[in-house]
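J.: Structure for the following, please:
(chains A and B)
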Amino acid sequence: MPKLTPRMIISLLIALALLLLPLITDDDNILTLLLLTFLMAGLASSWNILGGYTGQVNLGHAAFFGIGSLITRQMWLGGWPFALSMASGCVVAGLAAAVIGLPAFRLKGTYFAIGTLAMAEALRITIGNILPTVTNLPTEVIRNYELAPRYYLMLTAVLLIVAITIYLNNSKLGLGMMAVREDEDAARAVGVNVLRVKMIAFVMSAFLAGMIGGAYAFYFVSYYPNFTFGPLFSFDAITVLYVGGVGTVVGPLIGSVFFVILRDMLVKNLQGVHQLVFGLLFIVVVLVLPGGLVEAWDRIKQYVRINQSPTKNQHRETKAQTYPGENLH
Amino acid sequence: MNIILQNIVSGLLVGGVYGLAALGLSLAFGVLKVLNIAHGELIMFGGYIAFFAFSAIGVDPFLSILIVFPVLVIFGLVLHGTLFTHIVRFEEEDRIKNSLLIGFGLTLILQTIAIQLFSADERSILTAYSSAGFELGGIRFPLIRLGALLLAIVSVVLLEIFLNRTWAGRALRATSENWQTAALNGINVRQTYFIAFGLAAGLAGLTGVLLATGFSVAPSIGLQWTLKALIVVVLAGLGSIRGALFGGLLLGVAEALSAYAFGSEYREIIGLIMFVIVLSVRPQGLFGGDHA
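T.: Numbers count the residues shown, from 1 in each chain, chains lettered A, B, ... in the order given. The predicted structure follows:
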């Protein structure tokens, strides 16, 4: 049992507050906004397992989100129990990952990025051709529609993904993933089965994206079946993650709060061009602040600590000595 | 039998456009090791310029190439100067990874700009010869598509001549083989990168002209065409210029035949299947392992 740090206590309190919230308020606006935040957090966190921890860029995350939502929705509306439908969605999403992962991971990362992008786009267009009409929830479901169960389903899914990422931070599997990210050859040299680690990370990531897709299918009243395969879902997930802090547990959570609030503000004030703002923001983060808000926070903390310390000049000197190449980066 | 032959011919005619779409992407990747996901958006912009040149001042689409190509080259130079030049200092894997991310962000920006400037409507150029064509042995050859294939072939040939016969072209090839050695031999690698990216954007512009005439342009078409180009690039072998045209023709024919056999709604799947098969069996691409 690890020792309880202040950070852990705060996290647990936030989780508890989110769990109790629907009992306190029935303001649909707040619950909806939070639900959308969970959706982004879940998408970003599931991408993070492969993209952040294992270092493989998946440009078609929407494919797995879409498969999860499609299978869940079709089976559920077809009369299957919801739990079984959602589980099937997750499994099919995971299997789809294996189809692309097995041939692509033996090659360079470029092929993998191309493969995932190709898969998402091909599926989006094909699903749009086969199922061109809007999928609606049946009237009896709409009549008894309640937000709270949707809220809890999405929250549970996100908490599960967060728990998995926390586990990855300290487990052998997670360390193997990070080793692959830092240097594949070195990882192989110390005995990491690179292909296996990448496959596990990808299937896990896709499975969890499928799970978020299932929760989406449960929540949304009506949408086009190919909508969830759209590139925007891949893009938003990556933006949220990079803005928050890629390869960290809290990054996607901070990023999703920031993203949803900013999107809400932009849509109200700059209707039409809000995507442009996100595109620019994303590029700036990738180029200037690749660690996102988490890195910015760390830098601020470091700066404050150095400036407040009575031996400030000494700190500066040691810092200069420790990182002679810092200015090169 | 005739139907199958007709499908093969239609596929070849579309395939030329796929090849041209892939050509620029392949060139930029071969030289810069930058995979520009926003290539399709550059194609889209090229298409819009051709469309407005035709509808506003009545420039024939095949003549508008003379406007579209230089404009897109300049646009490419600006994009490279502002964005991609910052990532070429990374090692190859990191460079590709960052270029993917930046290109992805760029697609969103360019798409939004296109919607604001041109509205979300689909546009296509309707000229006097748009529906013209001729029949040969019971097979129909639409004039516009034939012109498109011809333009694609001419572009590949010109690019080959440029790469093999001019100093700047040889510098491009040397840089794509090994930029350090190229730099040691007195090649200005920074400048070469600019040339390659500008050319790639110009080629995207040409593709856009063909889209505006034979197909249609809309702000959202970018990713679809990037996808086609990417699949062709993988079929041909990453960075292979000559292969790009053949890869495009192959994809065009495969799509046409699969649409005939299984219905046109499944047309996109065949590309994905070919992609997975090539990756598993012959990852260096179908048309030799040689680089640009």
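
J.: what are the phi and psi angles of the residue positioned nearest the centre of chain A?
T.: Taking CA atoms, centre = their mean, the centroid of chain A lies closest to A:Ala44, which sits 1.3 Å from it. For A:Ala44, the backbone dihedrals (degrees, to the nearest 10) come out as phi -70, psi -40.

J.: next one: the one 4 residues further on
T.: Dihedral pair for A:Asn48: phi -60, psi -40, per degrees, to the nearest 10.

J.: How many neighbouring residues does the nearest residue to B:Ala259 once chain neighbours are set aside have?
T.: Spatial nearest neighbour of B:Ala259, excluding adjacent residues (CB to CB, 6 or more residues apart in numbering or on different chains): B:Arg267 at 4.5 Å. No exception for glycine: its C-beta is placed from N, CA and C like everyone else's. B:Arg267 has 19 neighbours, counted by other CB atoms under 10 Å in any protein chain shown.

J.: do A:Gln56 as well
T.: By other CB under 10 Å, the residues close to A:Gln56 number 24.

J.: The one 5 residues further on now?
T.: Taking other CB under 10 Å as the criterion, the count of residues near A:His61 is 28.

J.: quick one: A:Asn58 is in a helix?
T.: No. Counting by DSSP: H, G, I helix; E, B strand; the rest coil, one finds A:Asn58 to be coil, located in no helix.

J.: circling back to that earlier point, the residue nearest to the centre of chain A reaches A:Val243, doesn't it?
T.: No. Using CB atoms under 8 Å, A:Ala44 is not in contact with A:Val243, being 9.2 Å away.

J.: Mutual contacts of the two, please.
T.: Overlap of the contact sets of A:Ala44 and A:Val243 (by CB atoms under 8 Å, 6 or more residues apart in numbering or on different chains) consists of A:Gly255.

J.: For A:Pro225, list the residues it contacts.
T.: Listed by CB under 8 Å, 6+ apart, the contact partners of A:Pro225 are A:Leu70, A:Arg73, A:Ile127, A:Gly128, A:Leu131, A:Thr135.

J.: mind putting those in CSV, secondary structure and neighbour count included?
T.: Shown next, in CSV, are the contacts of A:Pro225 (DSSP: H, G, I helix; E, B strand; the rest coil; neighbours: other CB atoms under 10 Å in any protein chain shown):
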residue, secondary structure, neighbour count
A:Leu70, helix, 25
A:Arg73, helix, 24
A:Ile127, helix, 21
A:Gly128, helix, 17
A:Leu131, coil, 15
A:Thr135, strand, 18
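
J.: Going by distance to chain B, which of these wins?
T.: Relative to chain B, the closest of those is A:Gly128; by CB to the nearest CB it sits at 8.7 Å.

J.: one step back: give me the subset of the contacts of A:Pro225 touching chain B.
T.: Applying CB under 8 Å from any CB of the partner chain, the subset of the contacts of A:Pro225 adjacent to chain B is empty.

J.: Show me where the stretch 101-250 of chain B has its helices.
T.: B:143-165, B:167-177, B:179-184, B:189-214, B:222-236, B:241-262 (DSSP state H, counting those that start in this stretch).

J.: Export the shortest one to PDB, keeping only CA atoms.
T.: Taking only C-alpha atoms (Å, rounded to 0.1, in the frame of the first residue of the first chain), the coordinates of helix B:179-184 have been written out as PDB:
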ATOM      1  CA  TRP B 179      21.600  14.700 -45.800                       C
ATOM      2  CA  GLN B 180      24.800  14.700 -43.800                       C
ATOM      3  CA  THR B 181      26.900  13.500 -46.800                       C
ATOM      4  CA  ALA B 182      25.000  15.900 -49.000                       C
ATOM      5  CA  ALA B 183      25.900  18.800 -46.700                       C
ATOM      6  CA  LEU B 184      29.500  17.700 -46.600                       C
END
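
J.: buried stuff in it?
T.: B:Trp179, B:Ala182 (16 or more other CB atoms under 10 Å in any protein chain shown).

J.: The second one now?
T.: Buried positions in helix B:167-177, judged by neighbour count with 16+ other CB under 10 Å: B:Gly169, B:Ala171, B:Leu172, B:Arg173, B:Ala174, B:Thr175, B:Ser176.

J.: same check, this time on the fourth one
T.: Residues of helix B:189-214 classed as buried: B:189, B:192-214 (neighbour count, 16+ other CB under 10 Å).

J.: just checking, what packs against it?
T.: Contact analysis of helix B:189-214 by 3 or more CB pairs under 8 Å, 6 or more residues apart in numbering or on different chains; DSSP states H and E lists helix B:2-32, helix B:39-57, helix B:61-82, helix B:143-165, helix B:167-177, helix B:179-184 as its packing neighbours.

J.: tell me the mean pLDDT for it?
T.: Helix B:189-214 carries an average pLDDT of 93.

J.: now swap in the second one and tell me
T.: When pLDDT is averaged over helix B:167-177, the result is 89.

J.: and if you look at the fifth one?
T.: Averaging pLDDT along helix B:222-236 yields 90.
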